[in-house]
Structure formats: C-alpha cells, structure tokens
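K.L.:
Let me see the structure of the following:
(2 chains)
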Amino acid sequence: MPNRLHPALIGFAVLVYLFLMGPLVIVFGAALSDTTFLTFPPQGLTLRWFERIFEIGAFRRTIVTSVEIAFLATALALLIGIPAAYALNRYRIQLPAWLSTLFVLPILVPEIVLGFSLLRSVAVGQSAPIFLTLLIGHTLIVLPYCVRVISASLASFDFSIEEAAISLGSHPVKTFFTIVLPNVRSGVIAAFILAFITSINDVSVSLFLTGPGISTLPIQILAHVEQFFDPVIASVSVLLMLLTVAVMAIVERTLGLTFLAK
Amino acid sequence: MTHPLAVEHLTAHYGTTKVLDDLSLSVGAGELVSLLGASGCGKTTTLRLIAGFLEPTAGTITLGGEDLTRLPAYKRHIGLVFQNYALFPHLSVLDNVAFGLKQRGIATAERNKRARAMLERVGLDQLADRLPGALSGGQKQRVALARALVIEPPLLMFDEPLSNLDAKLRVDMRVEIRQLQRANNTTAVYVTHDQEEAFSISDRVAIMHQGRIMQLDTPEVLYQRPANAFVARFVGFENLIPMKVTARDGDDVTAQAPGGVALALPKARFGDIPDDFVLAARADGLAVTADPDAKGLPATLGLRTYLGRAYQYQCETEAGPLIANGPLSSPLEPGSTARLVPVPDQCCVLKPE
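P.N.:
Numbers count the residues shown, from 1 in each chain, chains lettered A, B, ... in the order given. Got it, this is the predicted structure:
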C-alpha cells in the first residue's frame, strides 16, 4: 500500500487545483461569451471582446503606458540593484548587516502606504509629472526583487575570480563587465522578469499615482469595471494574464522555472 | 624578465587590528620563498598586499627596483595562483589562459598560439576547448598555473595552491610547480600552512607568527638550527629544557639541567653557548635508556607508543613532561625509571626568551 496514493489525498489535490484554476477558467470563459454582460458559463462564443479592447482608446493607451513603465522601472531597478547587490556581497564582511535589509524594506512596507506617501511627497509635494511619479513608485517596488535575486546569484560567486582577472591586467571596471556580470547573467535575467511582472500587475501603488490622462492597465481595468459590466474586462484580464504567461514562458525556455523557485 | 622582490617595514591593519607588524622580506631573482604559518599569522595578508588587493598602513613593496606600493593591482603584472583555482567559469580553458594576453592587447592568433603552447607545457592541450567546470581539481590548478605563467610575470605568487587537492596529487603538483618555476627562472612567493610542502618546494622559508617573520632561512637551517623557541616548536622540537652552563673545558661545555644533572655538550656541534640557554630536542634527540649511570635526565616513563622505527615514551622529569624515543630492541614498561640522554646531532641550543 505505501506506493498507492490515498483517494482522499487525490481528491484534496484535485480540489486545490480547482481552487487555483477556477478563477482563470471563469475569466477565460467570460471573455469568450457572446453577451453584452459578464457571465459564466459563456453563452455563445466570440472573440469580439478582444477586438473591443483595442477599440477603446483608454485601454490602448494604458497598455502602452504599462509596458513602458514596466520596462523603464525594471531597467532603473537593475541599474541601481546590480551595483547594490554587488557591493552588498563583495564587501559583506565590512558592511553592517542591516544594510542589505534596507533594500528589502519596500517589500515590507504595505504598498498602499508606499503609494500614498509617494503621492503626498512626490506627486503633490514636488508637483512631479504623473509619468515620473509612477516610474519612481514602480522602481521602488521592483528594486527589492532585483537586489534579492541578484544577491542570491552573487552569493555563490567566488570573488577571487575577479581578483584573478585584475591580477592578469584587467581594469576593475572592465572586470565587472567581462567577468562578474556574465557569471550572474541568469540572476539578472530572473530579476528582470520578476520585476517586469511585478510592475505590470501592480495596482496598489499605481492607484495613488495615476492621474488625469495617464494610467496603467490594471487601474484602467478597475475604472472600467466601475462603469461597465461587459466582457471586455474579462478579455483584457486574459490579455494581461497572457502577457505574464509569455514572460514566464521565456524564463522557462531560457532558464527553467525551477530557477525562480531557488 | 626575472626581478628581485623587496618588502620593507610593511605594516597593515584590518580596522584597528594590526595584522602585519613591520614585516621585511626580500626574495632574490628566480628564488622561491614560502610564507609558512598557521591561519591568521599574516601570510595571506602579506601576499594580498604584494598583489595590491590590500593597502599597507606603512612600508614599501618594490619589484625589480620599481615601487609597487601605490600601484593599482591590475598594473602590477603579478601572476597569481589561488587556492580555489579562480578560473573564469564562462570561458574555455584556452580563453582562460589567453585572458592575460588579451588584456595586453595581443592579437587573437598570437595569444591563442602562446596559450596553446603553455597548455602543452602543463599537459592540457587536449582540453583547450573545455569549460573549467568539466575539469578535475588537478587539471584546474594546472590551467590556473598556465594562466599565471603565460603572461611571463616578473613575480609569481601562490596562495595555498594545493590545499584543495588530495595527498598524492599534492606531491606531484608541487614538484611540477617547482619545475616550472625553475625552468622560467621566475621569482616566486608561496603561501602555505603545510610545513612539508614549504620545505620541499622552497629555496627559503619564512616562518610567520602574529604578523611577523619569526625566522627566514633555508629549510635545512630551519629544521636543524631554529633561531627561537617558536620556530623550534614549529619544526618539531617537542622538548625545550632550560639549562645553565657550569663549566667550559676543552671540547665540551658542561651544563646543568633542572634536577641537578650535569650534561656534557660538544662545542663542535653547538658553537657558542650562552650561560643560560634552552636545549631543544626532538623525541629522537632524547634517547631513552634503562642504564642508571648514563649521562642523562632521570625520568619516570609514562605511556609507550610504537612508531615503527622506535618506541616513544611520555616521560615525567624535573624539567617537566618530555617526549623521548627508545630502541625497539629493549622496550621499557610504563612506570619504570630511565635516563634521557641528549643526542647532540638531534639537539640545538636556543637563547632564553
């Protein structure tokens, strides 16, 4: 008997999967429904709600904004995060232990608090443009992921390799790009993907920082849902999901998803 | 191509802790000098200071007359071999070896030719296209050696290069390192905590302790004539017996050991003996005999162990606990009394501290 799974265990596993997959199936179904209101199971099948997304200007604009913000925030976070992670690991002995915690703080602060404080201090306080404020907010929330993931990669990097390169006549800055960076490549890619997904799906911070004329896709979905109850919401959710899945698929292909679990 | 290294009055701190204390060291052109000592003695710190990875608080480092003290590490052109090999994991064996030549702006064809020739010398030309991850420890260290040698450095430094290898390979590799260093006539500094390794490979050895060199000399002199109690203990003189000279006549000096026994020491072996001195002896240097009239320290024998070539005894004497060897032909029982007779060739005289 020890090799046979208990029927109750199988039943439980099925329930867990249903619980996880259920909402996705419902959203998928609703997106295909040939009705003018959200419903499940779908009544009739159509793809017109996907076309409809692109007919609504607000969706078109916010998709572009979301992707722009996600790319720029991720790039910025990597620009800050890579050197930070490098310094935290390279000088681990000399640096105080709390310093690495500092870079994880944005995760520990509730995003809603972060969003609100950015609204008060940057958007209102400094009257910064909306796009810039959004960018700062997103950079802040994705930075911890970048630092953590790249740190994990650097933790197993043997810094005497760097010293070997320097002793062979390679300038320290050049050594960073030719020796250190190629060896933490997978960490940088993983950080990029995690950060990108986190940014593109973010609601709490964006909620406070979006304003007239500029919004992100998740916020636009929220706004749309307040006024309409048509299947566009479901189809745009599916689109957002597919975007995330596409990014995950790239990771799976290049590095394997097990990498993210590390 | 080969240059002498001079380190003068080098002092270094980690924070407020002094880790190197006014250390001076000169290594002749083509000479191999080992820095030998327990961990924390400052040997690796010295190496890192010479390599330029640490900055000294005082002192100078010159190589072939050029002052390196404030020169950044990447401009020093010192060949380094690390304990954990430190090969570039993402580069092929050939590219690893060619790396230093690339930094010097040597064209691809030429540097690959030179790197291949160097790989041939360490017997790894067959593995040129592999990645380091696919090599064994010994092969990795050969690549590291080739990588350091191919740039024809004026100075080659080794940081415990054999510690990660198994015992048999360690012996083979150290012979290989010595042969390559000799053949290239490269000045070399070799850091290790392994006495046998240091003695077998070096022209001279610096025995270090608490950031200072306790003695710098040839392995022969260190082994037979340590300059002080620390070095004596380090090279295996287990017994340090305080003595006092009572008479100097003819070829012998008569000295009194604790407990009042007078021993005769030949001047020919010991030279000048101060009035107060310490007689240092290995276990082999104190012969255990049951003869009560022998000119030796009276002792009560304790535990006996079998060494293959002799029996070793833990002894209780007026001079404290001592370790001495006795012949296999006449084993003595624990608890019996015996005499420990110094064997002049196996002893040396130290100044008291």
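K.L.:
burial count for A:Pro218?
P.N.:
A:Pro218 has 21 neighbouring residues, counting by other CB atoms under 10 Å in any protein chain shown. Heads up, the C-betas are built off the backbone N, CA and C, glycines and all.
K.L.:
Need the residues that contact the helix or strand harbouring it.
P.N.:
A:Pro218 belongs to helix A:217-227 when assigned by DSSP states H and E. Contact with helix A:217-227 is made by A:56, A:58-59, A:62-63, A:65-66, A:200-203, A:206-207, A:210, A:215, A:232-233, A:236-237, A:240, as judged by CB atoms under 8 Å, 6 or more residues apart in numbering or on different chains.
K.L.:
How many neighbouring residues does B:Gln129 have?
P.N.:
Residue B:129: Asp, not Gln. Counted with other CB under 10 Å, B:Asp129 comes out at 10.
K.L.:
Give me the secondary structure label for it.
P.N.:
coil (DSSP: H, G, I helix; E, B strand; the rest coil).
K.L.:
measure it to chain A for me?
P.N.:
18 Å (CB to the nearest CB, to the nearest Å).
K.L.:
hang on, the earlier thing: would you mark the buried spots in the helix holding A:Pro218?
P.N.:
Within helix A:217-227, the residues scored as buried using 16 or more other CB atoms under 10 Å in any protein chain shown are A:217-222, A:224.
K.L.:
And the average pLDDT for that helix is what?
P.N.:
Helix A:217-227 carries an average pLDDT of 87.
K.L.:
got the contact list for the residue in the stretch 251-353 of chain B positioned nearest to chain A?
P.N.:
Residue nearest to chain A within the stretch 251-353 of chain B: B:Glu353 (35.1 Å; CB to the nearest CB). B:Glu353 makes contact with B:228-229, according to CB under 8 Å, 6+ apart.
K.L.:
So which residues on chain B come close to chain A?
P.N.:
B:51, B:53, B:72-80, B:82-84, B:86-90, B:99-100, B:103-104, B:144, B:147-148, B:151 (CB under 8 Å from any CB of the partner chain).
K.L.:
pLDDT wise, what is the residue of the stretch 251-353 of chain B closest to chain A at?
P.N.:
75.
K.L.:
per-residue pLDDT, the closest residue to B:Ser92 other than its chain neighbours?
P.N.:
Nearest non-adjacent residue to B:Ser92, counting by CB to CB, 6 or more residues apart in numbering or on different chains: B:Asp129, 5.4 Å away. On pLDDT, B:Asp129 comes in at 93.
K.L.:
on that earlier part again, quick one: which of the residues of chain B next to chain A sit in helices?
P.N.:
Within the residues of chain B next to chain A, residues falling in helices by DSSP state H are B:51, B:99-100, B:103, B:144, B:147-148.
K.L.:
Can you tell me which of the residues you listed are buried?
P.N.:
Buried residues within those, counting neighbours by 16+ other CB under 10 Å: B:51, B:99-100, B:103, B:144, B:147-148.
K.L.:
Dump the residues you listed to a markdown table, plus distance to B:Gly133 and pLDDT.
P.N.:
Listed next are these as a markdown table, based on distance: CB to CB, whole Å; pLDDT from 0 to 100:
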| residue | distance to B:Gly133 | pLDDT |
| --- | --- | --- |
| B:Ala51 | 26 | 95 |
| B:Phe99 | 17 | 96 |
| B:Gly100 | 21 | 95 |
| B:Gln103 | 23 | 94 |
| B:Ala144 | 14 | 95 |
| B:Arg147 | 16 | 95 |
| B:Ala148 | 20 | 94 |
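K.L.:
Can you pull the poorly scored residue ranges out of chain A?
P.N.:
Applying pLDDT under 70 to chain A flags the ranges A:1-3, A:254-262.
K.L.:
Can you pull the residues of it lying near chain B?
P.N.:
So chain A meets chain B at A:158, A:160-161, A:163-172, A:175, A:179, A:182-183 (CB under 8 Å from any CB).
K.L.:
From those, which land in helices?
P.N.:
Checking the residues of chain A next to chain B against DSSP H, those in helices are A:160-161, A:163-167, A:172, A:175, A:182-183.
K.L.:
and the residues you listed, which two are the farthest apart?
P.N.:
A:Ser167 and A:Pro182 (18.5 Å; CB to CB).
K.L.:
and the residue in the stretch 201-350 of chain B that chain A sits nearest to, backbone torsions?
P.N.:
Across the stretch 201-350 of chain B, the shortest distance to chain A (CB to the nearest CB) belongs to B:Gly211, at 18.9 Å. Phi and psi for B:Gly211, reported as degrees, to the nearest 10, are phi 80, psi 10.
K.L.:
between A:Ser167 and A:Pro182, who's got more neighbours?
P.N.:
Using other CB under 10 Å as the criterion, A:Ser167 and A:Pro182 rank with A:Ser167 on top: 28 against 13.
K.L.:
now that one: how far from B:Tyr190?
P.N.:
Plainly put, A:Ser167 is 16 Å away from B:Tyr190 if you go by CB to CB, to the nearest Å.
K.L.:
ok, now B:Asp166?
P.N.:
Taken as CB to CB, the span from B:Asp166 to B:Tyr190 is 19 Å.
K.L.:
Apart from its chain neighbours, what residue comes closest to the residue most central in space within chain A?
P.N.:
By CA atoms, centre = their mean, chain A has its centre lying nearest to A:Thr198, at 1.8 Å. Leaving aside its chain neighbours, A:Thr198 sits nearest to A:Val142 (5.2 Å; criterion: CB to CB, 6+ apart).
K.L.:
And the helix or strand containing the one you found, what's buried?
P.N.:
Per DSSP H and E: A:Val142 is located in helix A:130-155. In terms of neighbour count (16+ other CB under 10 Å), helix A:130-155 has its buried residues at A:130-131, A:133-154.
K.L.:
Stretch A:238-257 too?
P.N.:
Buried-residue list, stretch A:238-257, by 16+ other CB under 10 Å: A:238-240, A:243, A:247, A:251, A:255.
K.L.:
Out of those residues, flag the one nearest to chain B.
P.N.:
For the buried residues of stretch A:238-257, the nearest to chain B is A:Leu255 (15.1 Å; CB to the nearest CB).
K.L.:
got the contact list for residue 12?
P.N.:
Went with chain A since none was named. For A:Phe12, the contact set (CB under 8 Å, 6+ apart) is empty.
K.L.:
meant chain B, my bad for not saying
P.N.:
With CB under 8 Å, 6+ apart, B:Ala12 has these contacts: B:18-20, B:42, B:45, B:49, B:54-57, B:211.
K.L.:
Most neighbours among these, which one?
P.N.:
Counting neighbours by other CB under 10 Å, B:Leu20 comes out on top of the contacts of B:Ala12 with 26 neighbours.
K.L.:
What are the contacting residues of the lowest-mean-pLDDT helix or strand in chain B?
P.N.:
The weakest-scoring helix or strand in chain B, judged by mean pLDDT, DSSP states H and E, is helix B:267-270 (a mean of 82). Applying CB under 8 Å, 6+ apart, the external contacts of helix B:267-270 come out as B:251-253, B:273, B:344-345, B:348-349.
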